[in-house]
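*Asks:* below are the sequence and a predicted model; questions follow.
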Amino acid sequence: MTCKNLSNVLMPDDPMYVESVNALRRYHEAEAAGIKGAELERLRKIAESQFQAVTDYQLGALGGSTPRSH
């Protein structure tokens, strides 16, 4: 895999990356607090979606293939 441009890679302090980590933290905190059902599932989906967006972006920045939008 060849890198397109390292300046496009997200660093750990990038707002997009930070927000995905925060979303995962909110999910785990809710789970630890005993939240169940639709609210926990909503938080899981938000975290999963945000991490998927970061992953897709990073793959594209590094020259990998990314899923096509519908």
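*Replies:* Perfect, I can see it now. Numbering: from 1, shown residues only.
*Asks:* show me where pLDDT drops low in the chain?
*Replies:* Where the chain drops to pLDDT under 70, the residues are 1-6, 66-70.
*Asks:* can you pull out the helices in it?
*Replies:* Assigned by DSSP state H, the chain shows helices spanning 15-32, 38-61.
*Asks:* pipe those helices into CSV and attach mean neighbour count and distance to residue 7 per row.
*Replies:* The way it works is simple: take the backbone N, C-alpha and C, and place the C-beta from them, glycine included. Shown next, in CSV, are those (neighbours: other Cβ atoms under 10 Å; distance: least, Cβ to Cβ, whole Å):
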stretch, mean neighbour count, distance to residue 7
helix 15-32, 14, 15
helix 38-61, 15, 9
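*Asks:* which residue, other than its chain neighbours, is closest to residue 31?
*Replies:* In this structure, residue 31 finds its nearest non-sequential neighbour in residue 40, 6.2 Å apart by Cβ to Cβ, 6 or more residues apart in numbering.
*Asks:* these two touch, right, that neighbour and residue 29?
*Replies:* No - using Cβ atoms under 8 Å, residue 40 is not in contact with residue 29; the gap is 10.6 Å.
*Asks:* how near is the residue nearest to residue 31 to residue 54?
*Replies:* 22 Å (Cβ to Cβ, to the nearest Å).
*Asks:* residue 19 too?
*Replies:* In this view, residue 19 and residue 54 are 9 Å apart by Cβ to Cβ.
*Asks:* list the contacts for the most centrally placed residue in the chain?
*Replies:* In the chain, the centroid-proximal residue (Cα atoms, centre = their mean) is residue 51; its distance is 1.3 Å. Counting by Cβ atoms under 8 Å, 6 or more residues apart in numbering, residue 51 touches 20, 23-24.
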